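Q: Sharing a model that was predicted from the sequence below.
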Amino acid sequence: IQYGGTGLGLSIVKELSSLMNGNVLVDSELGVGSSFVVLLPFIQAENVDEDLLLPASPFSALGSFKNKRVLVAEDNKINQLVVRSTLGKWDLDVTLVENGLEVLEQLQKKTFDLVILDVQMPIMDGLEATRLIRSTLPEPACSVPIMAMTASVLYDPEQRVKEIGMNDYIAKPFKVEELHAKIGKLLSVNMKVAAKPKIKTPALHKMIDLSYLNQIAPDDPSFANEMLSLFEKQSVDFLMRAKADFVSKDYNSLSKVAHSFKPQGAYLGVPELKEITGQLETISREGKDMDQMAKLLAQAEVLIEVMNNEIPLLKSTLK
C-alpha cells in the first residue's frame, strides 16, 4: 500500500468550502469508490476595468549608491534573486554568499561598506557571524555596518539586533523604499526620493499578484519569469521536505523548512501562503499540535497547487 498523505485532506476541503459558504457532497459505492463534489456559490462578475492603478516605486525614483560595496548573506535562491536585483538597480556592488562562515572569509579578503545578513542560515547564522565580526576581526571589518534581514517571528527584531551588535534590521519581504532608506542611513548618504508615479499593470491572474515583483524590477518580465520558475521548483521541494519531516516527526527541521519558504507567498502576492507557513513554523517549533501541523500542511498544498496551475498562463503573458 502506497502512503497517500496525512489523511486530513477531506476535512480541510470541507472547512475551506464552509468558509466560502459552500458544501461538499459525496456519492459512495462499496467496492467501487467514492465521488466528491464541491459546491461553491459565485455570482457572475460584471465587466471591470482590466487595468489596475498600482502605486510603485521604480528605481529611477530612488537615488543611487554608486561605488558602494555590499556583502549579502542569504541561502534561499529566490531571496538571493530579489536582493541582487534590488541592490543592483541602485548601482551597488553586490557580493553574494550563502552563510555566515563565507561572510567572515569575504571580510578578511575585501573591504565592504555594508553587510546584510539573513538571520537563519546553514553552517553559521547571521547572529553568530555578527558576534564573530565584532569580536575577532580587525579594523575596518569589525566596525562595518550590519543589517539583519529576517522573516523570523521568534523575538523582537529591533531589540535582538542591538543586543548582538547589528546596526539595523529589515523584515522579509522588504518594502523597497524602507530598504533604500535604511541603506542610505547606514551608508551616511542622504537620498532624495522623487514622487511616486502610477503604473498600469494588467490584471491577468486570479490568485498570484505580481505587483511586488513589478515594484522590484519594473518593465523586466524576465525577472518575474525567473521568480515564477523558482517558485515552481522550490514549492515542490518545500512540500516534499515538509511532509517528510512531519512523517518522521522531525518538527525542528519542519519549522526551519517553513521559515525558509515563508516569504515566497508575499513575493507572489499571496499573503495567505505566508500566513500559513508562518503558523506552521511556530507550531512545529513547539512540537505539540500534530493535527494543526497536518492541517496547515494541507492548506499550504492546496494554495501551492492553485498557484502552480496559474504560473504557466502568467509566464505566457510575460514576453
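A: That came in fine, so what should we check first?
Q: Return the helix or strand in the chain with minimum mean pLDDT.
A: Here the helix or strand of the chain ranked lowest by mean pLDDT, DSSP states H and E is strand 198-202, holding a mean of 39.
Q: Report the distance from whichever helix or strand comes after that one to the chain centre.
A: Where DSSP states H and E defines the elements, the next helix or strand beyond strand 198-202 is helix 211-216. Helix 211-216 has its C-alpha centroid displaced from the chain centroid by 13 Å (CA atoms, centre = their mean, to the nearest Å).
Q: Keeping just the C-alphas, turn helix 211-216 into CSV.
A: Only the C-alpha atoms of helix 211-216 are listed here, as CSV (Å, rounded to 0.1, in the frame of the first residue of the first chain):
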residue,chain,number,x,y,z
SER,A,211,2.7,43.9,-8.1
TYR,A,212,5.6,43.4,-5.7
LEU,A,213,7.8,41.9,-8.4
ASN,A,214,6.9,44.7,-10.7
GLN,A,215,8.0,47.1,-8.0
ILE,A,216,11.3,45.3,-7.5
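Q: Next, the residue most central in space within the chain: phi, psi?
A: In the chain, the residue lying closest to the centroid (CA atoms, centre = their mean) is residue 263, at 1.6 Å. Here is the backbone geometry of residue 263 (degrees, to the nearest 10): phi -70, psi -20.
Q: Contacts only, for it.
A: Going by CB atoms under 8 Å, 6 or more residues apart in numbering, residue 263 touches 76, 78-79, 151, 172-173, 274. Bear in mind the C-beta positions are built from the backbone N, C-alpha and C, glycine included.
Q: Let's see that with 6 Å instead.
A: Taking CB atoms under 6 Å, 6 or more residues apart in numbering, we find residue 263 in contact with 151, 172-173.
Q: Quick check: it vs residue 221, distance?
A: As for residue 263, its distance to residue 221 is 21 Å (criterion: CB to CB, to the nearest Å).
Q: how near is the closest residue to residue 113 other than its chain neighbours to residue 112?
A: Closest residue to residue 113 apart from its sequence neighbours, by CB to CB, 6 or more residues apart in numbering: residue 68 at 4.6 Å. Distance, residue 68 to residue 112, by CB to CB: 9 Å.
Q: any idea how far residue 117 is from residue 170?
A: Taking CB to CB, one finds residue 117 at 11 Å from residue 170.
Q: Have a look at these two and say which one is more surrounded.
A: Shown here are residue 117 and residue 170; by other CB atoms under 10 Å, residue 117 has more neighbours (28 against 18).
Q: What sits closest to residue 114 if chain neighbours are left out?
A: residue 70 (4.8 Å).
Q: The one you found is in what secondary structure piece?
A: Using DSSP H and E, residue 70 falls within strand 69-73.
Q: Could you export that strand as PDB, CA atoms only?
A: C-alpha atoms of strand 69-73 as PDB (Å, rounded to 0.1, in the frame of the first residue of the first chain):
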ATOM      1  CA  ARG A  69      30.300  47.700  -1.800                       C
ATOM      2  CA  VAL A  70      27.700  45.500  -0.100                       C
ATOM      3  CA  LEU A  71      28.200  41.900   1.200                       C
ATOM      4  CA  VAL A  72      24.900  40.000   1.400                       C
ATOM      5  CA  ALA A  73      24.500  36.600   3.100                       C
END
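Q: What's the mean pLDDT across that strand?
A: The pLDDT scores in strand 69-73 average 95.
Q: who does that strand pair up with?
A: Applying DSSP bridges, strand 69-73 is found paired with strand 93-97 (parallel), strand 114-118 (parallel).
Q: Those: which one's closest to residue 130?
A: strand 114-118 (6.6 Å; CB to CB).
Q: Toward the C-terminus from that closest one, list the very next helix or strand.
A: That would be, after strand 114-118 and using DSSP H and E, helix 126-136.
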